[in-house]
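In: Here is the input, now give the coordinates:
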Amino acid sequence: MELLENIVEYYDELYPASDELKKFYEEETKEYEAPVKYLSIGCGVGTFEHYLAKGNADVTGLETVSSLLESANRKRRTQLMALRFFQMSSLEMCRFLGKNFYNIITIPNGRIIYTHDPTLMAKLFYDCKQLMASGGKLIIHLPNFEKFKAEPIAKLPVRESIRVRLFSKIKTGADGKKTMYQELETGNGKHLVVTEDAQIMSLNKNQIEQYAREVGFTKFAFYGDLHHGEFTQKSDDLIVVLS
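Out: Numbering: from 1, shown residues only. Prediction:
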């Protein structure tokens, strides 16, 4: 169960549109002519998407959580921006969005892991390939589960700001299934559940490459940070660029 409405107030602090994030995407998109066409799957409150649109990109954001989507839409200063948000899951996107259109499809902030069914995960990769323009890229950000796979209850790195901390842990059941639990701790000591017993798929580098190959991706890059640093088993994050 996801209670993501509890994180809306703090989302930008915990998942900031940092200078490092902006630089990473600048480097990944320099080969494309403006406007670069983006699709963000699980866009949250849309702060990074607004940044991209202000920089002359054409941006579509998908979000399933209504409270996050409302926050994203409130940020819009003008209807003239090439920016739109839809309350839509990845399961629906090929029905409503233009195929062979997007230069960059991104799945940020570990949102891909909540597609926990292998068949639906395969569909997600297939649908992304269908929506992608020739020469496009699929960019995925997620935790490096290889670092924590030996632990029955794995604690992911804490995300924090001045006002709040986000604790995340993953429990592996006797049947091998993994579930996520996330809790916020505010500065005044209040605890708020964000995710509770939500089944996930702890995707690793090899699984991602296998899913990607099966739908026609031929180039695979794996990084351990937003500086395009080498990915190792000790990296906290796994950042994937598929083309």
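In: I figured Ser161 hits Tyr15, correct?
Out: No. Between Ser161 and Tyr15 there is no contact, the gap being 10.2 Å when judged by CB atoms under 8 Å. C-beta here means a position set from N, CA and C on the backbone, and glycine is covered the same way.
In: neighbour-wise, which of the two wins?
Out: Neighbour comparison, Ser161 and Tyr15: the larger count goes to Tyr15, with 20 against 13 (by other CB atoms under 10 Å).
In: Could you give me the buried positions within the helix ranked longest in the chain?
Out: Ranked by number of residues, the top helix in the chain under DSSP state H is helix 118-131. Across helix 118-131, burial judged by 16 or more other CB atoms under 10 Å covers Met121, Lys123, Leu124, Phe125, Asp127, Cys128, Lys129, Leu131.
In: In a markdown table: those, plus distance to Val241 and pLDDT.
Out: Shown next, in a markdown table, are the buried residues of helix 118-131 (distance: CB to CB, whole Å; pLDDT from 0 to 100):
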| residue | distance to Val241 | pLDDT |
| --- | --- | --- |
| Met121 | 18 | 98 |
| Lys123 | 21 | 98 |
| Leu124 | 16 | 98 |
| Phe125 | 14 | 98 |
| Asp127 | 18 | 98 |
| Cys128 | 13 | 98 |
| Lys129 | 14 | 98 |
| Leu131 | 16 | 98 |
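In: quick one: low-confidence parts of this structure?
Out: Where the chain drops to pLDDT under 70, the residues are 1-4, 77-79, 150.
In: From the geometric centre of it, which residue sits farthest away?
Out: Distance from the centre of the chain peaks at Asn188, with 29.1 Å (CA atoms, centre = their mean).
In: name the element that one belongs to?
Out: Asn188 belongs to no helix or strand when assigned by DSSP states H and E.
In: and stretch 146-156, how far out from the chain's middle?
Out: Centroid displacement of stretch 146-156 relative to its chain, using CA atoms, centre = their mean, to the nearest Å, is 20 Å.
In: Send over it as CSV, restricted to the C-alpha atoms.
Out: Below are the C-alpha coordinates for stretch 146-156, written out as CSV (Å, rounded to 0.1, in the frame of the first residue of the first chain):
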residue,chain,number,x,y,z
GLU,A,146,22.9,-5.8,-5.3
LYS,A,147,24.3,-3.9,-2.3
PHE,A,148,21.5,-5.1,0.0
LYS,A,149,20.5,-8.5,-1.4
ALA,A,150,22.0,-10.6,1.3
GLU,A,151,20.0,-8.9,4.1
PRO,A,152,16.5,-10.2,5.0
ILE,A,153,15.5,-6.7,6.0
ALA,A,154,17.5,-4.2,3.9
LYS,A,155,17.7,-0.6,4.9
LEU,A,156,18.2,1.8,2.0
